[in-house]
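> here you go, sequence then predicted model.
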Amino acid sequence: MNLFSSFDPSTNFNLSLNWMSTLMFMIMIPSMFWLIPSRFNVLWYKILYILHLEFKILMNQKGATLMLISLFSFILMNNFLGLFPYIFTSSSHMVMTFTLALPLWISFMIFGWLMNTNHMFTHLVPQGTPPILMPFMVCIETISNIIRPGTLAIRLSANMIAGHLLLTLLGNTGPMLSMMLINILIITQILLLILEMAVSIIQSYVFAILTTLYSSEVI
């Protein structure tokens, strides 16, 4: 043993594990910096960038698009997971959809009424309303504002439930059909599954874009 023996590439396990330190830095660097992105990654980044530009037009707050893109991605992944057999569709239950919609709506309302009180009052009476109809318009606008989280939650859950119920009801009729009708049923189920994929994307986009529109009214 001498002073330079600490630099010997050997360990107590009779393996040269010390050489692992040569590539250790690659674990600490995110893969996006040293791996070529796949086509799926490129497509996903383009989709997120397009959503960012669209949300940015509707919202004046910098950085707020990140929250809405995350919301869109979360709902989209849950909708798609629900299309696989034996996987629980969480986005078809009001417990989840209402939990997403209510905190966002409450935060928008608190911010709007505390920071832009006059702006919120002007929204209760549309421009050009006759004076005699103003009390009724205030009531109607208040009710429509209060039910917004409920409509957001019901829209998402009802659309997910409807497609799944249709697929289940058609699938349960399979044992009672002839071979010819079973082939037609399988083709119909495949077409409905493609439609459900489109609905999963559309509903997540609708949820995110309506949240953006509601937030733009209070800013």
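Structure received. Numbers count the residues shown, from 1 in each chain.
> quick one, what contacts the residue nearest in space to the middle of the chain?
Among the residues of the chain, the one closest to the centroid is Phe72, at 2.4 Å (C-alpha atoms, centre = their mean). By C-beta atoms under 8 Å, 6 or more residues apart in numbering, the contact list for Phe72 reads 51, 204-205, 207-208. Yep, even glycine has a C-beta here, placed from its N, CA and C like the rest.
> state the number of residues packed around Pro37.
Close neighbours of Pro37, defined as other C-beta atoms under 10 Å, add up to 12.
> ok, for it, nearest residue in space, not its chain neighbours?
Closest residue in space to Pro37, ignoring its immediate chain neighbours: Tyr45 at 7.4 Å, by C-beta to C-beta, 6 or more residues apart in numbering.
> what does Ile201 give?
In space, Ile201 is closest to Leu76, 6.5 Å off (C-beta to C-beta, 6+ apart).
> how much space between that neighbour and Met26?
31 Å (C-beta to C-beta, to the nearest Å).
> which one of the two has more residues nearby?
Ranked by neighbour count (other C-beta under 10 Å), Leu76 and Met26 place Leu76 first, with 19 against 11.
> any idea how far Ile50 is from the more buried one?
Per C-beta to C-beta, Leu76 is found 14 Å from Ile50.
> now swap in Leu66 and tell me
15 Å.
> do Leu43 as well
Leu43 sits 11 Å away from Ile50, going by C-beta to C-beta.
> what about the protein, any weak spots by pLDDT?
1-22, 60-62, 219 (pLDDT under 70).
> the biggest helix by length in it packs against which elements?
If you go by DSSP state H, the chain has its longest helix at helix 179-216. Judged by 3 or more C-beta pairs under 8 Å, 6 or more residues apart in numbering; DSSP states H and E, helix 179-216 is in contact with helix 39-58, helix 64-81, helix 94-115, helix 148-172.
> buried sites along the shortest one?
When neighbours are counted by 16 or more other C-beta atoms under 10 Å, the buried residues of helix 64-81 are found to be 64-65, 67-69, 71-73, 75-76, 78-80.
> now the third one
Within helix 94-115, the residues that count as buried by 16+ other C-beta under 10 Å are 96-98, 100-101, 104-105, 108-109, 112.
> tell me the contacts of the nearest residue to Met134 once chain neighbours are set aside?
Once flanking residues are discounted, Met134 sits nearest to Val125: 5.5 Å by C-beta to C-beta, 6+ apart. For Val125, the contacting residues are 134, 137-138, 141, by C-beta under 8 Å, 6+ apart.
> and the longest helix of the chain, how far out from the chain's middle?
Taking C-alpha atoms, centre = their mean, to the nearest Å, the mean C-alpha location of helix 179-216 is offset from the chain mean by 15 Å.
> what angle do helix 148-172 and that helix make with each other?
Interaxial angle of helix 179-216 relative to helix 148-172 (axes from the mean of the first three to the mean of the last three C-alpha atoms, to 10 degrees): 170 degrees.
> got the buried residues for helix 179-216?
Of the residues in helix 179-216, 192, 196, 199-200, 203-204, 206-212, 214-216 count as buried by neighbour count, 16+ other C-beta under 10 Å.
> identify, from these, the entry nearest to Ile147.
Tyr214 (11.9 Å; C-beta to C-beta).
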